[in-house]
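S.K.: The following block contains a protein sequence and its predicted model.
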Amino acid sequence: MVYTIYPDSLNPRTIEECADRLRKGDVAIIPTDSVYAIAGDFQHPAALEKLAKIKGESVKEAEFSFLFTNLSQVAEYTQSMNGPTFKLVKKCLPGPYTLVLEANINLARKLGQKRSTIGVRIPDNPIVIALAEALGRPLASASLHHDDEIIQYPTDPDEIVAKYADKADFIIDGGWGDNVPSTVIDLSGDEPTLIRSGKGDPDVI
């Protein structure tokens, strides 16, 4: 099923219907402020199994990124940050960055993993924010990769529906996506480390 949601005029009823499906373990292809992603409720075992299968990994090994609504929610699943780290996080988010932060035991227990870090995203996209707010917790996610090595990421919603519908239980058409992924910065060490240069300006560090 495809839901067409416009970022500048969100339909609360449609958002809640999508969030309810996520609560039941469905996974969805959704827009972000960079590339389209596949996402699901990180507390639902069925959703994690589907996402891990897409990544070709087991749930215990899969390194998902997590889509949050705000920094207060991020704080519930990460270790306390020092001043410089928090300042950089505030500078990058919301925005096209994935920030690797130290995870707390709360997240590891709910995932059934032994992990010390977490990939944090707050996309500058009202559809994602509304979904996570309606769900009441973060979304676990994985980027939707194109089978074309040059294009790498699909951008056309019609193509996504035609080629990737079998990977998800439903799709949110939020308009054309980008083919440049988020910039990944590791903030779990003593100094910020650029892992991948993408849509976000890497000079932020």
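M.R.: Great, that's in hand. Residues are numbered from 1 along each chain as shown.

S.K.: The helix or strand bottoming out on mean pLDDT in the chain: what's the following helix or strand?
M.R.: In the chain, the helix or strand scored least confidently by mean pLDDT, DSSP states H and E is helix 105-111, which has a mean of 69. Going down the chain from helix 105-111, the next helix or strand is strand 117-121, by DSSP states H and E.

S.K.: for that next one, packing partners?
M.R.: In terms of contacts (3 or more C-beta pairs under 8 Å, 6 or more residues apart in numbering; DSSP states H and E), strand 117-121 is packed against strand 65-67, strand 97-102. Every C-beta, even on glycine, is put in place using the N, C-alpha and C of the backbone.

S.K.: Any chance of TSV for the ones you listed, columns mean pLDDT?
M.R.: Listed next are the helices and strands packed on strand 117-121 as TSV, based on pLDDT from 0 to 100:
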stretch	mean pLDDT
strand 65-67	93
strand 97-102	96
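
S.K.: Tabulate those in TSV, adding columns for mean neighbour count.
M.R.: Converted to TSV, the helices and strands packed on strand 117-121 look like this (neighbours: other C-beta atoms under 10 Å):
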stretch	mean neighbour count
strand 65-67	25
strand 97-102	23
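
S.K.: Distance to T117 for these - can I get that in CSV?
M.R.: Below are these laid out as CSV (distance: least, C-beta to C-beta, whole Å):
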stretch, distance to T117
strand 65-67, 11
strand 97-102, 5
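
S.K.: Just say helix, strand or coil for D178.
M.R.: Secondary structure state of D178, per DSSP: H, G, I helix; E, B strand; the rest coil, is coil.

S.K.: Could you report the neighbour count for it?
M.R.: 17 (other C-beta atoms under 10 Å).

S.K.: That one touches A37, doesn't it?
M.R.: No. Counting by C-beta atoms under 8 Å, D178 stays clear of A37, with 11.3 Å between them.

S.K.: So D201 is in contact with V180, correct?
M.R.: No. The criterion here is C-beta under 8 Å, and D201 misses it with V180 at 11.9 Å.

S.K.: Could you check which of the two has the larger neighbour count?
M.R.: Each of D201 and V180 has its neighbours counted (other C-beta under 10 Å); V180 has more, 16 against 13.

S.K.: from what I can see that one touches D33, true?
M.R.: No. The pair V180 / D33 is not scored as a contact, 10.5 Å apart, by C-beta under 8 Å.

S.K.: Touching both of those two, which residues are there?
M.R.: Listed as contacting both V180 and D33 by C-beta atoms under 8 Å, 6 or more residues apart in numbering are 96, 199.

S.K.: on that earlier part again, of the helices and strands packed on strand 117-121, which is nearest S141?
M.R.: strand 65-67 (5.1 Å; C-beta to C-beta).

S.K.: Could you double-check that I29 sits in contact with I171?
M.R.: Yes. I29 is within contact range of I171, at 4.5 Å (criterion: C-beta under 8 Å).

S.K.: more crowded one of those two?
M.R.: Counted by other C-beta under 10 Å, I29 and I171 do not tie: I29 has more neighbours, with 25 against 22.

S.K.: Good, wrapping up.
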